[in-house]
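*Asks:* Below are the sequence and a predicted model; questions follow.
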Amino acid sequence: MSNVLTIAHKELRSYFVSPIAYAVIGLFALLYGVFFVSSLGFLLRVSLQAGMMEGAPPININEYMIRPLLGNTGVIMLFVLPMITMRSYAEEKRSGTIELLLSSPLTDLQILLGKFFGALSLFGLMLGITAFHMMFLFWYGEPELAPILSGYLGLLLMGASFISVGLLISSTTKNQVVAVMVTFAVLLLFWVISWLVVDPTGSSTSDQVLAYLSVLDHFDDFSKGVIDTSHVAYYLSFITFSLFLTAKSVDSEHWRG
């Protein structure tokens, strides 16, 4: 485990050596800030309209602002996270250091997990920035804490799934631009795959499979404050399977070498 943590720390440090971390964090913070201000403006307009109506129930901050904001955060992740993983293996292949890495005393699994947790740590820092926005809401309002915590758990699991796919794609190419574009395309496919459902009731097997594969549908309950073990199992299975395919892809480098 110490080897995995060492690699993860090295990976995290390497992000900040290059402009990648600063660009990704800056872009994420900017886009999140735009969505936050937009959601806050919508909440204020709804509150003013409700205040003009006698006997209107109080506005639920979680329902009218935080839940849509968390959903929009997932959209930002869809664009930003491929930039984190694009260099994980692609840069190693391009620079020729992949052979040195694979011939080191470290196992392929340790290297893979180290890269995964390194990228996940950077994503955790990005989510940490949004905590300041939530503190602002608690300072001026009374949102419910439980749905926020469950929503962040959902974002973390979904982000980890995106990172695992990014590592898989990065392990198959030397070109970082290709890695970004293909990763985005694959993630977008899993994002919109439920749109292919023909019967909304999901009575057919094909519709059930399509709905189950959607990363977005599994996140919806988290944003409502519901932690369903089936959704947690989906994300963990998604991550495990993607990392397994990445390990097989990296293992093929031994044979090519």
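*Replies:* Structure's in. What do you need?
*Asks:* Where does pLDDT dip in the chain?
*Replies:* 50-58, 96-103, 198-203, 253-257 (pLDDT under 70).
*Asks:* for it, which residue is closest to the average position?
*Replies:* With distances taken as CA atoms, centre = their mean, the residue of the chain nearest its centroid is Gly159 (1.8 Å).
*Asks:* That residue reaches Val80, doesn't it?
*Replies:* No: at 9.5 Å, Gly159 and Val80 do not qualify as touching, with contact defined as CB atoms under 8 Å. Placement of C-beta: from N, CA and C, glycine included.
*Asks:* Could I get the contacting residues of the residue nearest to the centre of the chain?
*Replies:* By CB atoms under 8 Å, 6 or more residues apart in numbering, the residues touching Gly159 are 77, 81, 120, 123, 127.
*Asks:* in the helix or strand where the third one lies, what counts as buried?
*Replies:* Right, the one you point to is Leu120. Using DSSP states H and E, Leu120 falls within helix 108-140. For helix 108-140, burial by neighbour count (16 or more other CB atoms under 10 Å) applies to 108, 110-120, 122-123, 126-127, 130, 133-134, 137.
*Asks:* what do you get for stretch 181-188?
*Replies:* Those would be 182-184, 186-187, for stretch 181-188 by 16+ other CB under 10 Å.
*Asks:* Identify all contacting residues around it.
*Replies:* 78-79, 81-82, 85-86, 162, 165-166, 169-170, 173, 215.
*Asks:* Of those, select the buried ones using a PyMOL command.
*Replies:* Only the buried entries of those go into this PyMOL selection, using 16+ other CB under 10 Å:
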select buried, resi 78+81+82+85+86+162+165+166+169+170+173+215
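*Asks:* farthest pair in the contacts of stretch 181-188?
*Replies:* Thr173 and Val215 (22.5 Å; CB to CB).
*Asks:* ranges for the helices of the stretch 51-200 of the chain?
*Replies:* 61, 67-85, 90-95, 98-102, 108-140, 145-170, 176-192 (DSSP state H, counting those that start in this stretch).
*Asks:* how far out from the middle of the chain is stretch 30-47?
*Replies:* 21 Å (CA atoms, centre = their mean, to the nearest Å).
*Asks:* the inter-axis angle of the helix or strand where Ala29 lies versus helix 67-85?
*Replies:* Under DSSP H and E, the secondary-structure element containing Ala29 is helix 20-51. Put simply, helix 20-51 runs at 170 degrees to helix 67-85, going by axes from the mean of the first three to the mean of the last three CA atoms, to 10 degrees.
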